[in-house]
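show me how the following folds:
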Amino acid sequence: MNIGFSIPDPALITPATIAEIEAMGVESIWVPEAYGFDCLTPLAWFGATSSRLRLGTSIVQMAARTPTATAMAAMTLDHLSGGRFALGLGASGPQVVEGWYGQPYERPLARTREYVDIVRAVIAREQPLRYAGEFYQHPLPGGTGLGKALKSIAHPLRPDLPVLLAAEGPKNVALAAEIADGWIAMLLGPRNEPFYRAALEEGFARRSARRPAAEFEVINPVPVVVDDDVEAAADPVREFLALYVGGMGAKGKNFHFDVMARMGYEDIAHKVQSLYLDGHKNEAAAAIPTAMVEEIALVGPPAKIRDDLRARQDTLTTTLVVQGDLRALRTVVECLA
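Predicted coordinates:
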């Protein structure tokens, strides 16, 4: 389950509801962040009120924290939860990175590679941290000259704590396959799988033998809306897509736009983006056809959702993450059962 960017309805986060979610057989709970609530604090809450749920970030914005701060938070939550934490990382886009976090965005793939290197080194705790990268240096050269190579005073519960990367572009997906333990695959549907399989294979060819490709995870967040009226069920997903395709990125630099364009919806994506950026958000959502919604979401009555789930059985996905309410979660669990 993914709880979304907002703190959920209080009824969702009671110990009784968390116990119900665990009893359903739900394996994990994932929390995102953008430029509002953070993703780590809610996971501490969910970890304290559950005993089995895996706790994943989907995602930690890398620009929000130094690599060492992220590694510290990951080790802390892993200890507190008894080894249930999964660290999902993402580069986000220039609007958020430069506009909200006030950090440079250039060369995000090279920056991500260094970030993951440092996080892994801190968690492995094999030696004091020394890193001479293009974007990150430990100890910092110059300054007072008193910087010292340090090793975490906290011992990791799991030196190989899983690190996953969110990615949408082919080069970033290939990077995830090369250096990470998994890929958080937003807007992934059966139609665009061949494109991503090729990107993954490119990355697996460069992957270290220490991390077998057979153990690689593909975490697929999927919006789910249950309603006997398919069009009504599609409406919230239209709003979601309008936000991401139209507003989560600048014109000409929107990775979500690019995904839908690769699926064959480029003309619609241009229309949605134009309407959204001109302030016509409702019209932007209305311009999205139900077929486009069904590429990346499960919408409609339970019987239809069950049939649509069958189409996802032989896909890249190893973990299906429900983006929706408790009814959506229960429906998916019942369909899979």
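
find the centremost residue of the protein, please.
Among the residues of the chain, the one closest to the centroid is S58, at 3.4 Å (Cα atoms, centre = their mean).

so who does R65 touch?
By Cβ atoms under 8 Å, 6 or more residues apart in numbering, the contact set of R65 is A73. Every C-beta, even on glycine, is put in place using the N, C-alpha and C of the backbone.

all strands for the stretch 51-200 of the chain, in order.
Using DSSP state E, counting those that start in this stretch, the strands of the stretch 51-200 of the chain run over 54-57, 60-61, 85-90, 131-132, 137-138, 163-166, 182-184.

does R206 sit in a helix, a strand or a coil?
Under DSSP: H, G, I helix; E, B strand; the rest coil, R206 falls in the coil class.

any idea how far A291 is from it?
To A291, R206 is 36 Å away according to Cβ to Cβ, to the nearest Å.

cool, and G324?
As for G324, its distance to A291 is 20 Å (criterion: Cβ to Cβ).

more neighbours, the two?
Neighbours per residue (other Cβ atoms under 10 Å) separate G324 from A291, with G324 holding more: 23 against 11.

what's the closest non-adjacent residue to the more buried one?
Distances taken as Cβ to Cβ, 6 or more residues apart in numbering place V224 nearest to G324, at 4.0 Å, with adjacent residues excluded.

my read is that neighbour is in a helix, agree?
No. V224 is assigned strand when assessed by three-state DSSP, not a helix.

what sits against it?
297-299, 305, 322-324, 328-329, 331-332.

tell me which of those is nearest to A284?
A297 (16.8 Å; Cβ to Cβ).

would you confirm that that closest one contacts R238?
No. Assessed by Cβ atoms under 8 Å, A297 is found out of contact with R238, at 9.6 Å.

which of those two has more neighbours?
Using other Cβ under 10 Å as the criterion, A297 and R238 rank with A297 on top: 26 against 23.

ok so I268 is a strand residue?
No. Applying three-state DSSP, one finds I268 to be helix, outside a strand.

isn't it up against T290?
No. Between I268 and T290 there is no contact under Cβ under 8 Å: 11.8 Å.

of these two, who's got more company?
Neighbours per residue, other Cβ under 10 Å: of I268 and T290, the larger number sits with I268, 19 against 16.

tell me who's in contact with that one.
By Cβ under 8 Å, 6+ apart, the residues touching I268 are 260, 287-289, 292.

who are the neighbours in contact with D160?
A124.

could you give the separation of stretch 57-74 from the chain centroid?
Centre-to-centre, stretch 57-74 and its host chain are 13 Å apart (Cα atoms, centre = their mean, to the nearest Å).

and F85, bridged to which residues?
L55 (DSSP bridges).

can you start the count at 534 instead of 1 from here on
Noted, 534 is the first residue going forward, which turns the last one into F618.

show me the contacts for it.
Contacts of F618 by Cβ under 8 Å, 6+ apart are 576, 580, 587-589, 607, 610-611, 694.

possible to save those residues as JSON lines with neighbour count and distance to P723?
Output for these, formatted as JSON lines (neighbours: other Cβ atoms under 10 Å; distance: Cβ to Cβ, whole Å):
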{"residue": "L576", "neighbour count": "25", "distance to P723": "30"}
{"residue": "G580", "neighbour count": "21", "distance to P723": "33"}
{"residue": "R587", "neighbour count": "19", "distance to P723": "25"}
{"residue": "L588", "neighbour count": "24", "distance to P723": "28"}
{"residue": "G589", "neighbour count": "27", "distance to P723": "23"}
{"residue": "A607", "neighbour count": "25", "distance to P723": "32"}
{"residue": "L610", "neighbour count": "21", "distance to P723": "33"}
{"residue": "D611", "neighbour count": "22", "distance to P723": "34"}
{"residue": "L694", "neighbour count": "21", "distance to P723": "31"}
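
between those, which is closest to H688?
D611 (11.1 Å).

what angle do the lengthiest helix in the chain and strand 618-623 make?
Across the chain, the longest stretch assigned as helix under DSSP state H is helix 641-657. For helix 641-657 against strand 618-623, the angle by axes from the mean of the first three to the mean of the last three Cα atoms, to 10 degrees is 160 degrees.

so which other helices or strands are in contact with helix 641-657?
helix 600-613, strand 618-623, strand 664-665, strand 696-699, helix 703-712 (3 or more Cβ pairs under 8 Å, 6 or more residues apart in numbering; DSSP states H and E).
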